[in-house]
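K.L.:
Sequence first, then the predicted structure:
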Amino acid sequence: KAKQDMRLLPKFFMGFALFIRQANTVEPKVASHISTLIVRLTEAYPDIDLKTRLRACDSLKALLTVAYYRRGDFLSNILNRSVYPALLISVSTIPIANDIPKLCYEEYNHMWQNLLTPQSRFSVPSWIHEAGVNLESANSMQILLFDNWMTNVCRMIQRLNLTSKRSEIVKSSEMKASDSSPLGYENSLLPSRPKDFELFLNFVELFELLFSQSLGKTNIANRNRLSRS
């Protein structure tokens, strides 16, 4: 049933997009509902089939672009409620059978690449037409999404406790070895909060995957173009 629900999620996103585009006013609670769906998509993303992933991301981009059309703080409300938890989920380790952790940042690289990479004017995607939006607004939305994403990256890193503490149990032989080794002291350090170190290392892997491709350059180019217009 959960997988069936996920296959319906693209329709929910596109349905919200078409509703918001036609509505004269939109209640603030709609932004809360949309944010909840975005977080739900992020949680389930590693287990969703590729076709549903692509459709969900396209429909979500359509929805966020329509939200951008409304101006005001509607899009900001959605992003402020959903990007940080989605980012945190993206770098978390998922426990599975036999207590073997599942690292999912490679799957989330696919999601964020899809959501953040600006659309090419040479190949206009079908969701642009289906939602009744234009390419310029879609790319402007993605620039705002990218800025919000980077803001929350900084927010997440600031909240992590990456300090270390000296191990209380160090054998005398290890102490002697540490006296003669420049790395001895570091070898006797333990993270104060191992979970925070794990999140940080997963984030570094995700960040490297994202920015080893064209995402950073394309967003910078678009932001520079927008600032000159």
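P.N.:
Thanks, I have the structure now. Numbering: from 1, shown residues only.
K.L.:
Show me what counts as buried in stretch 9-23.
P.N.:
9-10, 12-14, 16-18, 20-21 (16 or more other C-beta atoms under 10 Å). In short, each C-beta sits where N, CA and C put it, glycine included.
K.L.:
Where does pLDDT dip in this structure?
P.N.:
Within the chain, the ranges that satisfy pLDDT under 70 run 1-4, 71-72, 94-102, 167-188, 213-229.
K.L.:
Which parts of it are helices?
P.N.:
2-22, 28-44, 50-69, 74-90, 105-116, 126-131, 135-159, 172-180, 184-187, 194-211, 215-228 (DSSP state H).
K.L.:
Out of the ones you listed, the one nearest residue 166 is which?
P.N.:
helix 184-187 (8.2 Å; C-beta to C-beta).
K.L.:
Could you report the separation of residue 58 from residue 25?
P.N.:
27 Å (C-beta to C-beta, to the nearest Å).
K.L.:
Out of those two, name the residue with the larger neighbour count.
P.N.:
It is residue 58, of residue 58 and residue 25, that has more neighbours when counted by other C-beta atoms under 10 Å, with 21 against 6.
K.L.:
contacting residues for the more buried one?
P.N.:
10, 114, 125-127 (C-beta atoms under 8 Å, 6 or more residues apart in numbering).
K.L.:
Kindly recompute the last result at 6 Å.
P.N.:
Residue 58 makes contacts with residue 127, as judged by C-beta atoms under 6 Å, 6 or more residues apart in numbering.
K.L.:
Over to residue 132?
P.N.:
So residue 132 contacts residue 21 (C-beta under 6 Å, 6+ apart).
K.L.:
ok, how many other residues are close to residue 109?
P.N.:
The burial count for residue 109: 20, using other C-beta under 10 Å.
K.L.:
Please determine how far it is located from residue 190.
P.N.:
30 Å.
K.L.:
sorry, back to before: figure out which of the helices of the chain is closest to residue 165.
P.N.:
helix 194-211 (11.1 Å).
K.L.:
between the closest one and helix 105-116, how big is the angle?
P.N.:
Put simply, helix 194-211 runs at 50 degrees to helix 105-116, going by axes from the mean of the first three to the mean of the last three C-alpha atoms, to 10 degrees.
K.L.:
now helix 194-211 against helix 74-90, angle please.
P.N.:
120 degrees.
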